[in-house]
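# Sequence isn't available, so here's the structure alone:
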């Protein structure tokens, strides 16, 4: 998985809105986004993969997205599945819209991350 062509992905940081970005198609770039070892989760809509931190729950990263009775801990990103070549590929415009829909329906609101109107964290 080291094709040097950039990938168009959607990054979903904990407590933030999803962000479209381009990254290098390298293991290092993917690990940097999730803050550690990567885990690839399939079974999403339209050949979309979710990439997250493999140790997110073990290292107590904050919950991000809910899937059935489980959740993704920490920052993650969505990328296209190039299953024919055993690699990732850029998301299409249609897939990006589907990712935004997934994030809107599955985001976990972290009350500890919210700030009051004075910019102070809730205690």
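Arrived safely, thanks for sending. Small disclaimer: the values here were computed from a predicted structure and weren't measured. Numbering: from 1, shown residues only.

# how about low-confidence regions in the protein?
1-4, 110-123 (pLDDT under 70).

# So which residues of it form helices?
Ranges of helices in the chain, per DSSP state H, are 27-34, 93-106.

# Run the chain-centre distance for the last one.
Averaged C-alpha coordinates place helix 93-106 at 11 Å from its chain's average position (Cα atoms, centre = their mean, to the nearest Å).

# For it, name the packing helices and strands.
If you count contacts as 3 or more Cβ pairs under 8 Å, 6 or more residues apart in numbering; DSSP states H and E, helix 93-106 packs onto strand 7-12, strand 48-53, strand 63-67, strand 76-82. Bear in mind the C-beta positions are built from the backbone N, C-alpha and C, glycine included.

# got the angle for that helix vs strand 63-67?
Inter-element angle recorded for helix 93-106 and strand 63-67: 100 degrees (by axes from the mean of the first three to the mean of the last three Cα atoms, to 10 degrees).

# swap in the first one?
An angle of 100 degrees separates the directions of helix 27-34 and strand 63-67 when computed by the same axes, to 10 degrees.

# quick one: residue 55 from residue 19, how far?
Relative to residue 19, residue 55 is positioned 23 Å away (criterion: Cβ to Cβ, to the nearest Å).
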